[in-house]
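# coordinates only, no sequence provided:
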């Protein structure tokens, strides 16, 4: 049984390498809000990976994420969602980012670097996001009432994670978390660090200079700047809006 499992793992690794070598990339429609953290992760991944995609803007205050057309793609009724021409639907921003990144430099070329990428993606989901998002909800997104006690608790939870990132970047001497190039391990955090200043969290970077330099490099990426600029909304719109709106994005 062990030999069979090892063989399957080797086949999967070879298939991944062939995908990279072929340069095959995803193409489809990204249904998302250009303003949310998770949507921005998926948008930036699409732009950084150079995939062919159309953008369907979803306006959350208008509850467009609960429309039948959107729920048909993501039954959870949350942005973002992905659909391709073959009817393949995908939700969860990290899954979408992972999918569109195939065949691009966002996926590291070596097994160890890919393992480090996955490690930092899990750190994001498992510890970083739970610590930072309550602060962002209270201080920036305004989805929760301000509770300074909760903010202080989350800051305390966030600091050791930031220490881990500072230590890892310092020890490796690399510009990025997984290898010497920008990957999903780095991109996944951009949506949080972009909001550190308005959330009153910038002071957490001051005693961590290596981490602060990494944050600056990541946020300066052309793909992230394009995500914030919003030009893609008009440039990548569908010829006909699937929700039948005369003006798809009118915040």
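Received the coordinates, thanks. Computed from a prediction, not measured in an experiment: that's the story for all the values here.
# quick one: contacts of stretch 59-67?
Under the criterion Cβ atoms under 8 Å, 6 or more residues apart in numbering, residues 33, 35-36, 58, 70, 74, 77-79, 243, 249-251 lie in contact with stretch 59-67. C-betas here are computed from N, CA, C, even on glycine.
# of the residues you listed - the most surrounded one?
Each of the contacts of stretch 59-67 was scored for neighbours by other Cβ atoms under 10 Å, and residue 58 scores highest at 28 neighbours.
# ok, now which ones touch that one?
Residue 58 is in contact with 31-33, 64-65, 70, 79-80, counting by Cβ under 8 Å, 6+ apart.
# burial measure for residue 242, as a count.
Under the criterion other Cβ under 10 Å, the count of neighbours that residue 242 has is 16.
# ignore what I typed, I meant residue 25.
When neighbours are counted by other Cβ under 10 Å, residue 25 registers 18.
# of the contacts of stretch 59-67, which pair is most distant in space?
The most widely separated members of the contacts of stretch 59-67, counting by Cβ to Cβ, are 74 and 250 (22.2 Å).
# rewinding a little: and the contacts of residue 58 as TSV, adding pLDDT, distance to residue 140 and secondary structure?
Formatted as TSV, these follow (pLDDT from 0 to 100; distance: Cβ to Cβ, whole Å; DSSP: H, G, I helix; E, B strand; the rest coil):
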residue	pLDDT	distance to residue 140	secondary structure
31	98	23	strand
32	98	18	strand
33	97	15	coil
64	96	22	helix
65	97	20	helix
70	97	24	helix
79	98	17	coil
80	98	19	coil
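# next, give me the two most distant ones among those residues.
By the measure Cβ to Cβ, 64 and 80 form the most distant pair in these, at 12.5 Å.
# more crowded one of those two?
Applying other Cβ under 10 Å to residue 64 and residue 80 shows that residue 80 carries more neighbours, namely 30 against 20.
# wait, the more buried one sits on residue 32?
Yes: if you go by Cβ atoms under 8 Å, residue 80 and residue 32 touch, sitting 3.5 Å apart.
# overlap of the contact sets of these two?
39, 42-43, 58.
# for residue 114, state which of the residues you listed is nearest.
Proximity of these to residue 114, judged by Cβ to Cβ, is greatest for residue 42, which lies at 20.0 Å.
# that older thread, for the contacts of stretch 59-67, which one is nearest residue 133?
Nearest member of the contacts of stretch 59-67 to residue 133, counting by Cβ to Cβ, is residue 36, at 11.2 Å.
# excluding sequence neighbours, find me the nearest residue to the closest one.
On the basis of Cβ to Cβ, 6 or more residues apart in numbering, the spatially nearest residue to residue 36 that is not a chain neighbour turns out to be residue 79, at 6.0 Å.
# same question for residue 89.
Nearest non-adjacent residue to residue 89, counting by Cβ to Cβ, 6+ apart: residue 73, 4.8 Å away.
# with residue 200 instead?
The shortest distance from residue 200 to any residue other than its chain neighbours is 6.2 Å, reached at residue 139 (Cβ to Cβ, 6+ apart).
# do residue 157 as well
In space, not counting the residues next to it along the chain, residue 157 is nearest to residue 131; the distance is 4.1 Å by Cβ to Cβ, 6+ apart.
# and the one you found, how many residues sit next to it?
Residue 131: 19 surrounding residues under other Cβ under 10 Å.
# let me see the contact set for it.
If you count contacts by Cβ under 8 Å, 6+ apart, then residue 131 has 154, 157-158, 161 around it.
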